[in-house]
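A.B. asks: Need a 3D model of the sequence below.
(chains A, B and C)
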Amino acid sequence: MDFVFYLISAFAVGGALAAVLLKNLVHAALALTIAFFGLALLFLRLDAQFAGFAQILVYVGAVAILVVFAILLTKGSEVPKEGVFSKSWFAGLAIAAGVFAVLTWAVLQAAPSLPNQTAVPAVTVNDIGNALMSRYVLPLEIIAVLLTAALLGAVIVAMHEKERAKQ
Amino acid sequence: MMQEAIAFTPQLDASSIARWLWLIPALPIVAAGIISVLKQPRRKLASNLAIGSMGISLLIAITAFAHVLSGWAHNHAVREVVNFSWLTVGTQSVELGWVLDPLSAVMLVMVTFVGLLIFIYSTGYMEHDENYTRFFCFLALFAGAMLGVVIANSILLLFMCWELVGLTSYLLIGFWYHKPSAAAAARKAFITTRVGDIFFLLGIVWLFAQTGTLLFYDHGAGSMEPLALGGLLVHHSHWGLTAAGAIGLLIFAGAAGKSGQLPLHVWLPDAMEGPTPVSALIHAATMVAAGVYLIARVYPLMAAGAIAPGTTTALTVVTWVGASTAVFAALIAVAQNDIKRILAYSTVSQLGYMMAGLGVGGVAVGMFHLITHAFFKALLFMGSGSVIHGVHEEQDIRRMGGLRKYMPLTFLTYAVGMLALCGVPIFFSGFWSKDAILESAHSWPLSHAPYYMLVFGAVLTAFYMTRQVSYVFFGEYRGHGHAHESPRVMTTPLAILAVFAVALGVIGTPAWPWFRGFLENHAASVEMHAFAEPAWLMLLLTSCVIVIVGIGLGWWIYGNKSPRSEEPDALQKAIPPVWTVLANRLYIDELYGATVIAFYYWWAKVADWIDRDIWGDMVSTVIWLTNHWARLNKFLDATMVDGAFDKGCEEIYNGGGVLARIQNGRGQIYLRLLAVAVVILAAILIWSGRP
Amino acid sequence: MTPLTGYLIVAALIFAIGLAGALTRRNAIMVLIGIELMLNAANLNLIAFWRYSPHSELLTGMMFAIFSIAVAAAEAAVGLGLVISIYRHAKTADVEQMNRMKG
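C.D. replies: The predicted model follows:
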């Protein structure tokens, strides 16, 4: 493992930590964006260029903005008085630690039998397009329907009360 | 004199009259049934039904008698039986049936005829009684039952009708049940005859067990037929008694109860509490004769195995008991003052004669006296009823007297009856029948004592009857009010009976022993020279002496004198202690009261104590136990079962409450639980997937 | 430690962090942020496995990740819309107070 990997990893993990720990929600959302960036870089390093850019486009460009919008609309910028963490935060932390332990243990356990192809995959966008249209056309269509439904659903759910009441 | 009976030739099918014989008892019973549902005011209908049924029964009886008579005249004996099986239990069946033979034919005619006359008499006597209807119901029932006893061929049927006779006798004696003395007399009659009936029942059971049949005559298989009797003679038990003898004695005990023989006679005088027609019918002519008839019916059994004719143990006992009763009752009759009571003791005495006659002389001798006695005793009772009616219900002879002038017809018929009873020679039937008995007793091989006892009894009979007649009909009238003759409906039957009291003697004279021949199934021709036999002439002389001594003595003491009612009796003045004993009926009733009855009361008290205290305590204990058991159950149920159940439910409720806390509506907690579950599952998977 | 293992451990770490946030933060939007992080960690896992698999020309891993991103976006939209709607109702986005489903 080389230095670059550690750097990017630190970036992503740090962003994730900040996103979870910061009290101010807007700061947390911005930290989240940094985490997304870090992950995108990791994708790039893994020679998944399309995935990396898609990550930036969708997550950073849409999801993060959406989160910020939601924070603004729910007045999340004010720091609540009771505290941002639940009373039994330690239980949650412990459970998360347990999950991490199990996952790491699984990985280390399976380490000898994991594949380790070092050749760089020769993937072009052309190939991805072809695959989308041939092999994965059905999931593609379904994703289209899903996104339409999600769009409509989000609009309806978040619509203003008064207008909905009139209907 | 006494000839051996020729065996009856067995008849294979019954003639038509024999088949319809059952109508004779059935008609009066049906009449009784109809009368029992009539309302009280329908008096005329009740008595007409009773009289009508008796009349038809009489006609049928006469027809049957004629049939038997014609058979006898043509020298084939008639004994026709109609048997049927009443119920069958397994292989054994209970047989009932009826028999038509000379004995039953004669008895049927006598009972229906005398019964009919008494029924007619009762319409006059019971005119003023308000329970007229009930009276005729019971009378008809009694008549039917008595006729049933007569024709019964099955000892069980005989016993059933016997008991029914006893029951109706109880009902009739206690007819005026409001009078405590009448109710007590009825009870006494029933219980005393019951004592005899227990032995009778034992005899029946033993007979049935030993011979296997209930029927008397059954084409050779009956219990009175030689085959069965032979079987009964095989074993000898105590005192040289065979089974036949023992059974005969048991049956005699039953007869002794019904016929008032010595130890069981106590009910007969008290039975005079009933209305006079009842006394006439039941206690003169029929019911008391049922005992004699029973012995006559089972005579083959009683006489079985005799070395000399008529000398079995059973018959010997019968003779002694009969002779003793005859004397005993005659002695008591001398000192009685109630007109009916004298006649009652006279009946007891004459029944003793009949039993003695059966014992020494056989069926014909005893039955002859039964028939003649039925007529003149019924006549005497009805005559006394007429007297009582005429002196306005007075029954004490010391308050009567001189009724000869006021009630001539009654006096005349009564005199005929009295003379017949005394055995005045030649003209009166009583002489012939009593003479036959004396003759047989005289020639009895075992002892002459019964003969002397019977002669003494005859003297006493003449004596007390003379006493009664002179008290009642001679002298001055000592009663109150005005005596008058009875209505024709009462005196006509008296006249008819008087005729028979005279005429019946004809059938039993030695010159023409028709009655004996008829009953024992041999020819009887008129032989006038029988009168010339020395033995018979000796007896005639004896009877004349008896009569003259008895009547003479009585007339001499009581004659035409008219003692006032407060004066003691002439004889009483002469021998006071003897008189007192006789007047008190030889203290037999008091003896029974001190022994049997006292014992019985004690036993009843013991039984009561057992029932009340011992059983009562047991029942109380059971109740207490049940009560507490129930309480225990309730406690267990309420506290334990219910408590446990309630507790269980409570715990489930609480448990539910505890479990409900898991669902607290907080999504984060659910998520945590999910994560924990995933961790555990993953751990398990990884752990099991290790190489 | 092979490169693949390294990536996998990083992904596990990010996943655990995201889970911790979803389990402990009180604000509903923070929970959603945690969920997004978890999804991203899964995507990383997928891409890593694709890169080091022998048949990477099949593009299985890549496709899976791309679709995952699309679905995650849709889900984020709807989820945040829900949070806004709830905020309008209950005037708060605190998950601890949303226990109307309490049994």
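
A.B. asks: the strands in chain B, which residues?
C.D. replies: For chain B, the strands defined by DSSP state E occupy B:80-89, B:92-100.

A.B. asks: Please tabulate those in CSV, including the columns mean neighbour count.
C.D. replies: Glycine gets a C-beta too; all of them are placed from N, C-alpha and C. Formatted as CSV, the strands of chain B follow (neighbours: other CB atoms under 10 Å in any protein chain shown):
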stretch, mean neighbour count
strand B:80-89, 15
strand B:92-100, 21
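
A.B. asks: and the helix or strand of chain C with the lowest mean pLDDT, anywhere near chain A?
C.D. replies: Across the helices and strands of chain C, mean pLDDT, DSSP states H and E gives its lowest value to helix C:60-90, namely a mean of 92. Yes - judged by CB under 8 Å from any CB of the partner chain, helix C:60-90 and chain A are in contact via C:62-63, C:65-67, C:69-78, C:80-85, C:87-88.

A.B. asks: Which strands and helices lie in contact with that helix?
C.D. replies: helix A:49-55, helix A:64-73, helix A:125-134, helix A:137-158, helix C:28-51 (3 or more CB pairs under 8 Å, 6 or more residues apart in numbering or on different chains; DSSP states H and E).

A.B. asks: Can you say which of those helices is packed in most?
C.D. replies: Greatest average neighbour count among the helices and strands packed on helix C:60-90 goes to helix C:28-51 (a mean of 24), per mean count of other CB atoms under 10 Å in any protein chain shown.

A.B. asks: ok, B:Arg672 touching A:Leu93?
C.D. replies: No - if you go by CB atoms under 8 Å, B:Arg672 and A:Leu93 don't touch, sitting 10.6 Å apart.

A.B. asks: which neighbours do these two share?
C.D. replies: C:Leu23 (CB atoms under 8 Å, 6 or more residues apart in numbering or on different chains).

A.B. asks: And these two? Which one has more around it.
C.D. replies: The residue with more neighbours, out of B:Arg672 and A:Leu93, is B:Arg672; 21 against 16, by other CB atoms under 10 Å in any protein chain shown.

A.B. asks: Okay, B:Gly554 and B:Ser346: tell me how far apart.
C.D. replies: Note on B:Gly554: its distance to B:Ser346, by CB to CB, to the nearest Å, is 14 Å.

A.B. asks: Show me whatever sits in contact with both of these two.
C.D. replies: B:464-465.

A.B. asks: Can you get me a residue count around residue 89?
C.D. replies: Going with chain A. 16.

A.B. asks: Let me rephrase: I mean chain C.
C.D. replies: With other CB under 10 Å as criterion, C:His89 counts 10.

A.B. asks: swap in B:Val502?
C.D. replies: 18.

A.B. asks: just B:Leu331 next, same as before
C.D. replies: Using other CB under 10 Å: B:Leu331 sits among 20 other residues.

A.B. asks: what sits against it?
C.D. replies: Counted by CB under 8 Å, 6+ apart, B:Leu331 has contacts B:460, B:582, B:586.

A.B. asks: Could you do B:Val81 as well?
C.D. replies: B:11, B:14, B:18, B:97-100, B:153, B:215, B:217-219, B:222.

A.B. asks: how about 10 Å then?
C.D. replies: B:10-11, B:14, B:18, B:21, B:97-101, B:153-154, B:215-219, B:222 (CB atoms under 10 Å, 6 or more residues apart in numbering or on different chains).

A.B. asks: from those residues, which would you call buried?
C.D. replies: Buried subset of the contacts of B:Val81 (neighbour count, 16 or more other CB atoms under 10 Å in any protein chain shown): B:11, B:14, B:18, B:21, B:97-101, B:153-154, B:215-218, B:222.

A.B. asks: how far does stretch A:94-109 sit from the chain's center?
C.D. replies: Averaging C-alpha positions (CA atoms, centre = their mean, to the nearest Å) puts stretch A:94-109 20 Å from its chain's average.

A.B. asks: Just the C-alphas of that stretch, formatted as CSV.
C.D. replies: What follows is stretch A:94-109, C-alpha atoms only, in CSV (Å, rounded to 0.1, in the frame of the first residue of the first chain):
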residue,chain,number,x,y,z
ALA,A,94,-20.6,0.1,21.0
ILE,A,95,-22.8,-1.5,18.4
ALA,A,96,-21.0,0.3,15.6
ALA,A,97,-17.7,-0.8,17.0
GLY,A,98,-19.0,-4.3,17.1
VAL,A,99,-20.0,-4.1,13.5
PHE,A,100,-16.6,-2.8,12.5
ALA,A,101,-15.0,-5.6,14.5
VAL,A,102,-17.0,-8.2,12.8
LEU,A,103,-16.4,-6.8,9.3
THR,A,104,-12.7,-6.6,9.9
TRP,A,105,-12.5,-10.0,11.2
ALA,A,106,-14.4,-11.3,8.2
VAL,A,107,-12.0,-9.5,5.9
LEU,A,108,-8.9,-10.8,7.6
GLN,A,109,-10.3,-14.2,7.9
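
A.B. asks: if we can go back for a sec, can you check which of the helices and strands packed on helix C:60-90 gets nearest to A:Gly83?
C.D. replies: With respect to A:Gly83, and counting by CB to CB, the nearest of these is helix C:28-51 at 12.4 Å.

A.B. asks: burial count for the residue nearest to B:Trp320 when sequence neighbours are not counted?
C.D. replies: Leaving aside its sequence neighbours, B:Trp320 sits nearest to B:Pro450 (CB to CB, 6 or more residues apart in numbering or on different chains; 6.9 Å). Neighbours of B:Pro450 under the rule other CB under 10 Å: 26.

A.B. asks: pLDDT score for the residue nearest to C:Ser56 when sequence neighbours are not counted?
C.D. replies: Excluding the flanking residues, the one nearest C:Ser56 by CB to CB, 6+ apart is A:Pro121, at 3.8 Å. Note on A:Pro121: pLDDT of 78.

A.B. asks: doesn't B:Ile204 make contact with B:Val94?
C.D. replies: No - contact criterion CB atoms under 10 Å: B:Val94 and B:Ile204 do not qualify, at 12.0 Å.

A.B. asks: shared neighbours, these two?
C.D. replies: B:156, B:214.

A.B. asks: B:Met50: what's it in contact with?
C.D. replies: That one is not Met; residue B:50 is Ala. B:Ala50 neighbours (CB under 10 Å, 6+ apart): B:28, B:31-32, B:34-35, B:115-116, B:119-120, B:122-123, B:133, B:135-141, B:143.
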